[in-house]
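*Asks:* Sequence isn't available, so here's the structure alone:
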């Protein structure tokens, strides 16, 4: 008779241990079926029963003890003999029926071995996650990016909701830990949590176990900025002179002809030493150059038509009406602040908070380009370093390229190509690689592509175009890219030798900082406690082009009134030496003789008549 038939007869006896012991192996024998359901494989019920029976019989035999004293009633022939000895410990379940410790690492499939070999750098590196192959996550095959290759630029792309922001956070916190400063544009307001330790939950535990990550909550040193002080952060401003005509034309949505006319206006202001600090300075110069007094100033270099000047003035007025005037002015932000490290060697993460202006994407994307251009022409050449001096993440990059002029695109391409040798890496963040012009895309050596959707014919075209931008791969990339989950991506980077690594589908690690916005009160406290807040918080309005031209106009009005009075004889009688009215001075003589001209000459000093030099984007050069 088998064990299942004897258990009813033994339940009534006082020693219950022999009756319950056989049940332990049977319960444990169900584990393989449960595990098979977890992995998506149908359970093999026909095989479980013989193994369970064999395990049960072995366990029963192991638990039998020698017969007890003589007065003990004999047990039924089909049941184990009871014993007065202490009940034995439960037997160890057999290997095939227990939850065993983790098995030794199995050899990787040959294709996975070849991929993993490309992501095993010998120097400092960033840990992205674990390789995905044939539907399985292989934690023994870690995907790592050499730190020295991050100044070769990169692209983080993917559909909305696929985890691009968390990828930025993961890379940024590791860069900071290795002493590399980072700049992040926080469009949605959910990157401010990078300054605070993360909160563990079941999803983080599961992801850390899957990719073999030793997850520890940890925040990074961070500085928060806000464009023009709109939002939570140290105010970030630029002067109009420094911003330059090319970027300003992009913001004002001017066409090519109007862009060229604006460049003439800047040329005149630079040559005359007229500093354009804010928008009212620019408006005053435009008004002067279209007035009777200033119309001839640009005649020799093409002139400024009244119609074009009218468009520019209307664009400036509309721009100010949207509350944009606060972004231009002084004190101008020094982009060298982005290169700071802390006393313990960690890189400072500079977070530009943009939720307050996220409905004006053309503005903030162009401001990001100004920051990058300012860094470009102020930083020295350093060649190849073992780690970048700064990594700059350019979020919503497609907004930068929409409706961009040819000159603008050429400037972007040249900046990206040349800034590498100054130790700066640039990562563009967008939805598909086709959002980035081909000349720029060709400069991006590191690629992290999250999932793409193919719901429409346009989506399918974008998917095929994305696949063509990757090296030849062992994967069916069209299938993989549409099947990736949240926090998974297809990766290819530059290895330590500079050659592209094999394409690797990757399950990414979880960031160790808070994945979400920081508390607003804590954020405001951090901003006001920053050493930079006192330096940049209060705007400064000193005498600039507007004040000088306004004063000049008033002076000219007084001189014209005096000239009219002279002609009508309403002035005091002339002395005997002055026998009659002399010729009326020319406008040039009036301006040169005016007090405002002399004041202007004194104020600009040696800059008078010396043109401000400008870089690729027409941004003004300045000494640090």
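*Replies:* In hand now; what should we look at? Predicted model only: the values in this text are computed from it and were never measured.

*Asks:* low pLDDT regions in the stretch 51-200 of the chain?
*Replies:* Screening the stretch 51-200 of the chain residue by residue with the criterion pLDDT under 70, one finds the ranges 51-105.

*Asks:* swap the cut-off to 80 and go again
*Replies:* Within the stretch 51-200 of the chain, the stretches with pLDDT under 80 are 51-106.

*Asks:* what about the strands in it?
*Replies:* 125-133, 136-146, 154-157, 182-186 (DSSP state E, counting those that start in this stretch).

*Asks:* could the ones you listed go into CSV alongside distance to residue 259?
*Replies:* Just so you know, the C-beta spots here come from the backbone N, C-alpha and C atoms, and that holds for glycine as well. Putting the strands of the stretch 51-200 of the chain into CSV (distance: least, CB to CB, whole Å) gives the following:
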stretch, distance to residue 259
strand 125-133, 40
strand 136-146, 39
strand 154-157, 28
strand 182-186, 25
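
*Asks:* would you turn the ones you listed into CSV with mean neighbour count?
*Replies:* Listed next are the strands of the stretch 51-200 of the chain as CSV, based on neighbours: other CB atoms under 10 Å:
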stretch, mean neighbour count
strand 125-133, 23
strand 136-146, 20
strand 154-157, 25
strand 182-186, 26
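
*Asks:* since we're on residue 470, how many residues are nearby?
*Replies:* In terms of burial, residue 470 registers 17 neighbours under the definition other CB atoms under 10 Å.

*Asks:* ugh, typo on my part, it should be residue 521
*Replies:* Neighbourhood size, residue 521 [other CB under 10 Å]: 8.

*Asks:* part of a strand, is it?
*Replies:* No - looking at residue 521 with DSSP: H, G, I helix; E, B strand; the rest coil, it is helix, so not inside a strand.

*Asks:* That one and residue 111: what is the separation?
*Replies:* From residue 521 across to residue 111, the span is 52 Å (CB to CB, to the nearest Å).

*Asks:* quick one on the thing from earlier: for the strands of the stretch 51-200 of the chain, which one sits closest to residue 281?
*Replies:* strand 182-186 (27.5 Å; CB to CB).

*Asks:* Quick one: list the elements packing against that closest one.
*Replies:* In terms of contacts (3 or more CB pairs under 8 Å, 6 or more residues apart in numbering; DSSP states H and E), strand 182-186 is packed against helix 164-177, strand 349-353, helix 361-378, strand 390-394.

*Asks:* helix or strand right after that strand?
*Replies:* Proceeding N to C from strand 182-186, the next assigned helix or strand is helix 202-211, under DSSP states H and E.

*Asks:* In that following helix, which residues are buried?
*Replies:* Residues of helix 202-211 classed as buried under the neighbour-count rule (16 or more other CB atoms under 10 Å) are 204, 207-208, 211.

*Asks:* and that helix, how far out from the chain's middle?
*Replies:* For helix 202-211, the distance between its averaged C-alpha position and the chain's averaged C-alpha position is 24 Å (CA atoms, centre = their mean, to the nearest Å).

*Asks:* The next helix or strand after it pairs with which strands, parallel or anti?
*Replies:* Sequence-wise, the next helix or strand beyond helix 202-211 is strand 222-227, with elements assigned using DSSP H and E. Based on DSSP bridges, the strands next to strand 222-227 in the sheet, each with its direction, are strand 234-236 (parallel), strand 349-353 (parallel).

*Asks:* Comparing the ones you listed, which comes out most buried?
*Replies:* strand 349-353 (a mean of 26; mean count of other CB atoms under 10 Å).

*Asks:* now the angle between strand 390-394 and that one, please.
*Replies:* Here strand 349-353 runs at 20 degrees with respect to strand 390-394, directions being taken by axes from the mean of the first three to the mean of the last three CA atoms, to 10 degrees.

*Asks:* just the angle between strand 349-353 and strand 182-186, please?
*Replies:* Angle between the axes of strand 349-353 and strand 182-186 is 20 degrees (criterion: the same axes, to 10 degrees).

*Asks:* Quick one: mean pLDDT for strand 349-353?
*Replies:* When pLDDT is averaged over strand 349-353, the result is 94.

*Asks:* Of the buried residues of helix 202-211, just say which sits nearest to residue 507.
*Replies:* Closest to residue 507, out of all of these and judged by CB to CB, is residue 211, at 5.5 Å.

*Asks:* what's the nearest residue to the closest one if we skip its chain neighbours?
*Replies:* residue 130 (4.1 Å; CB to CB, 6 or more residues apart in numbering).

*Asks:* any idea whether residue 317 is helix, strand or coil?
*Replies:* Secondary structure, three-state DSSP: residue 317 is helix.

*Asks:* Specify the beta-bridge partners of the residue nearest to residue 211.
*Replies:* Each beta-bridge partner of residue 130 is listed here: residue 142, residue 507, as defined by DSSP bridges.

*Asks:* Spell out the residue ranges of the helices in the stretch 451-600 of the chain.
*Replies:* Under the criterion DSSP state H, counting those that start in this stretch, the stretch 451-600 of the chain carries helices at the ranges 457-468, 477-483, 520-528, 531-536, 545-567, 587-593, 595-604.

*Asks:* And residue 446, how far from residue 194?
*Replies:* 20 Å.

*Asks:* okay, those two: which has more neighbours?
*Replies:* Remark: of residue 446 and residue 194, residue 194 carries more neighbours, 27 against 23, as counted by other CB under 10 Å.

*Asks:* what about the closest residue to that one other than its chain neighbours, neighbour count?
*Replies:* For residue 194, the nearest residue in space outside its immediate sequence neighbours is residue 513; the separation is 4.6 Å by CB to CB, 6+ apart. Here the neighbour count serves as a burial measure; for residue 513 (other CB under 10 Å) it reads 25.

*Asks:* repeat for residue 253
*Replies:* By the criterion of other CB under 10 Å, residue 253 has 12 neighbours.

*Asks:* Residue 486 too?
*Replies:* Neighbourhood size, residue 486 [other CB under 10 Å]: 13.

*Asks:* before we move on, back to that, now the strands paired with strand 222-227 as a markdown table including distance to residue 369?
*Replies:* Supplementary listing: the strands paired with strand 222-227 in a markdown table, determined by distance: least, CB to CB, whole Å:
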| stretch | distance to residue 369 |
| --- | --- |
| strand 234-236 | 14 |
| strand 349-353 | 13 |
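
*Asks:* and residue 275, which of those strands is closest to it?
*Replies:* Checking the strands paired with strand 222-227 against residue 275 by CB to CB gives strand 234-236 as the closest, at 19.3 Å.

*Asks:* what mean pLDDT does the helix or strand just after that closest one have?
*Replies:* Moving toward the C-terminus from strand 234-236, the first helix or strand encountered (DSSP H and E) is helix 240-243. Throughout helix 240-243, pLDDT has a mean value of 92.
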